[in-house]
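S.K.: Below are the sequence and a predicted model for it; my questions follow.
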Number of protein chains: 2
Amino acid sequence: MKPTIYDVAQAAGVSIATVSKVINATGRISDKTRKHVHSVMEQLKYQPSMVAAALTGKSTYTIGLTLPDLANPFFAEIARSVEDRGHEHGFNVFICNTDNDPDKEVKYLSLLSQKRVDGIISATRIQNDQFLKKLIQQNIPIALITGEMPTLAVDTVMVDDYLGGFQAGNHLLELGHKRIAILVEDMDNMSNRERLRGCK
Amino acid sequence: MKPTIYDVAQAAGVSIATVSKVINATGRISDKTRKHVHSVMEQLKYQPSMVAAALTGKSTYTIGLTLPDLANPFFAEIARSVEDRGHEHGFNVFICNTDNDPDKEVKYLSLLSQKRVDGIISATRIQNDQFLKKLIQQNIPIALITGEMPTLAVDTVMVDDYLGGFQAGNHLLELGHKRIAILVEDMDNMSNRERLRGCK
DNA sequence: CTGTTAGCGCATTCAT
DNA sequence: ATGAATGCGCTAACAG
């Protein structure tokens, strides 16, 4: 079995409280016992259980990232970055491919909430804003990226579709082009409308 | 606050033991109270805490996937698949970009162990087999993919480099090509050696 | 500076 | 068929 905080306490001849304190560097403990406990810890190769710690209210150091499809290089790149930043701060990230399926999305979101992630980053247009609202009420930090959610007050980082369209159009004009075509998959899509708007 | 099992029990006029039983469909409970508890649960929008459940010994429904770089389409594809299968079975997967850095790898691996993942899939040649051994001792299921680890007894799925090389070479020969070149980045790499071997 | 104790939310005997 | 009690591993007051 993996050693617990009790094993360390016993082996070090102190109380679990003391061990806990040296682990989290909280409270006051003599330099001597601190070092002693530390040595015992690594001798036993002790590693605190994050699930137990999480149960007491501490954060899980886990965040969820929802995106349509990881196989899409655009999102893979995003995932890579999020993961990088996460790792820098000691976080692990859950990848959630929603395929833009509302059901999968809700399923993922509720799973993430049950696992008490510290936050969620969504690179998908969250379709069920009813559910989104619930998450917000649960005080789960949420950041939207790539999508918009005008009805709710959520931190969002989005791409400036208008500017993008403008720059693209401008670039072509500068090259002297006169006859420019625009291919749009879906005119109901807000992003595309904005890009188009920026273009003319 | 999110409702706990106690809230449900109280609202339903039963004990938490009963609620726990209907949640996990274990033990014997009358059809009547089962339904009643269920209705109370959804009325309170109760969702069992997976971290609490995990602490009692149940699995975390979480697995870790280590790979060199998610931005590499090859691995992104793998991640996508792993995630898909995981989701089908109610699992979440932690993505871990190691960049083939031994330190990052160890850091990730130990984090995963602290978070008590149910298993680990590694798409990287695990460099620290000392650490690998520890994980195995901890009874954490591990599966290697894409890499080899001859020294240890670990489940592994790998690509048949020899066959690949053979097929590639054969294909060109069938097309009637006579002068064939092979570009290899690193001849010390076992995969490449095998591919080359299969080619001639 | 260090130890006791009481939870955190749930699963699990063991009685009833 | 159901409930009371105990423990999982750790943190957080509160006492000494």
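M.R.: Ah, there it is.
S.K.: And the helices in chain A?
M.R.: With DSSP state H as the definition, chain A shows helices at residue ranges A:5-12, A:16-24, A:31-43, A:50-55, A:73-88, A:102-114, A:129-137, A:161-174, A:190-199.
S.K.: Tabulate those helices (TSV), appending mean neighbour count and mean pLDDT.
M.R.: C-beta: built from backbone N, CA, C; applies to glycine. Shown next, in TSV, are the helices of chain A (neighbours: other CB atoms under 10 Å in any protein chain shown; pLDDT from 0 to 100):
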stretch	mean neighbour count	mean pLDDT
helix A:5-12	18	97
helix A:16-24	17	97
helix A:31-43	14	96
helix A:50-55	19	98
helix A:73-88	18	96
helix A:102-114	19	95
helix A:129-137	15	87
helix A:161-174	14	64
helix A:190-199	17	56
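S.K.: In JSON lines, list those along with distance to DNA strand C.
M.R.: Formatted as JSON lines, these follow (distance: least, CB to the nearest atom of the strand, whole Å):
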{"stretch": "helix A:5-12", "distance to DNA strand C": "7"}
{"stretch": "helix A:16-24", "distance to DNA strand C": "3"}
{"stretch": "helix A:31-43", "distance to DNA strand C": "4"}
{"stretch": "helix A:50-55", "distance to DNA strand C": "4"}
{"stretch": "helix A:73-88", "distance to DNA strand C": "25"}
{"stretch": "helix A:102-114", "distance to DNA strand C": "8"}
{"stretch": "helix A:129-137", "distance to DNA strand C": "15"}
{"stretch": "helix A:161-174", "distance to DNA strand C": "42"}
{"stretch": "helix A:190-199", "distance to DNA strand C": "39"}
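S.K.: Grab the nearest non-local neighbour of A:Glu77.
M.R.: With sequence-adjacent residues excluded and distances taken as CB to CB, 6 or more residues apart in numbering or on different chains, A:Glu77 is closest to B:Ala71, at 5.6 Å.
S.K.: does that neighbour really touch A:Ile78, like I thought?
M.R.: No - proximity of B:Ala71 to A:Ile78 does not meet the contact threshold set by CB atoms under 8 Å, at 9.6 Å.
S.K.: and of the helices of chain A, who's closest to B:Leu109?
M.R.: Proximity of the helices of chain A to B:Leu109 was assessed by CB to CB; the nearest stretch is helix A:73-88, lying at 12.7 Å.
S.K.: what distance separates that closest one from the centre of its chain?
M.R.: Helix A:73-88 sits 10 Å away from the centroid of its parent chain (CA atoms, centre = their mean, to the nearest Å).
S.K.: try stretch A:33-44
M.R.: 34 Å.
S.K.: do it and chain B meet?
M.R.: No - for stretch A:33-44 and chain B, the contact criterion (CB under 8 Å from any CB of the partner chain) is not met; the two come no nearer than 12.2 Å.
S.K.: And chain A, what are its domain boundaries?
M.R.: Split into domains by automatic domain parsing, chain A comes to A:5-48, A:62-157, A:161-199.
S.K.: Can you report how many residues neighbour the nearest residue to A:Lys134 once chain neighbours are set aside?
M.R.: Here the nearest residue to A:Lys134 in space, its sequence neighbours aside, is B:Lys45; by CB to CB, 6+ apart that works out to 7.4 Å. Residue neighbour count, defined by other CB atoms under 10 Å in any protein chain shown, stands at 10 for B:Lys45.
S.K.: what does the model give B:Lys45 for pLDDT?
M.R.: According to the model's per-residue confidence, B:Lys45 sits at a pLDDT of 95.
S.K.: so it touches B:Pro3, yeah?
M.R.: Yes - in this structure, B:Lys45 is within contact of B:Pro3 by CB under 8 Å, at 7.3 Å.
S.K.: What residues does A:Tyr61 make contact with?
M.R.: In this structure, A:Tyr61 makes contact with A:Met50, A:Gly90, A:Phe91, A:Asn92, A:Asp118, judged by CB atoms under 8 Å, 6 or more residues apart in numbering or on different chains.
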